[in-house]
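Visitor: One predicted model, sequence on top.
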Amino acid sequence: MLENRKTFKCVIDGVEKEFEVLYTFKSFKTNKDYIIYTDNRQDENQKLNIYSSIYYPQNPEKELENIETDSDWNEIENFLEEVTNYNNE
């Protein structure tokens, strides 16, 4: 299974970092595509760092966009809740 993992690199503050894609999904409510990813590092509470952004699968050269609205955050939270509930069944 490890060979199926998708990763991407981006430059943040002049440093190239690699991230692993956890999920991608399209919200028909917001008509946006979202990506959920990690740098596989843990925070001070030993929890995995997880990030979310808006992305453009039809235009991979376009930069990721920050999540700034409550409606976008709600979509991501709802998606993660559904995934968690599905995996716990």
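Guide: Yep, that arrived. Every value quoted in this text rests on a predicted model; they were computed, and no experiment measured them.

Visitor: Name the helix or strand for Gln58, please.
Guide: Using DSSP states H and E, Gln58 sits in no helix or strand.

Visitor: Next, it: phi, psi?
Guide: Torsion angles at Gln58 (phi, psi; degrees, to the nearest 10) stand at phi -80, psi -10.

Visitor: and it, how far is that from Thr30?
Guide: From Gln58 across to Thr30, the span is 16 Å (C-beta to C-beta, to the nearest Å). Quick note: C-beta positions are derived from backbone N, CA and C, even for glycine.

Visitor: Settle it for me: which of those two has more neighbours?
Guide: Ranked by neighbour count (other C-beta atoms under 10 Å), Gln58 and Thr30 place Thr30 first, with 14 against 7.

Visitor: Just want the most central residue of this protein.
Guide: The centre of the chain sits closest to Ile36, judged by C-alpha atoms, centre = their mean, with a distance of 1.2 Å.

Visitor: Glu75 is in contact with that residue, correct?
Guide: No: Ile36 lies out of contact with Glu75 (C-beta atoms under 8 Å); the separation is 11.1 Å.

Visitor: who's in contact with stretch 45-61?
Guide: Stretch 45-61 has contacts (C-beta atoms under 8 Å, 6 or more residues apart in numbering) with 19, 22, 24, 32-43, 62, 64-67, 72, 76.

Visitor: let's see 10 Å
Guide: 8, 10, 19, 21-24, 26-27, 30, 32-43, 62-69, 72-73, 75-77, 79-80 (C-beta atoms under 10 Å, 6 or more residues apart in numbering).
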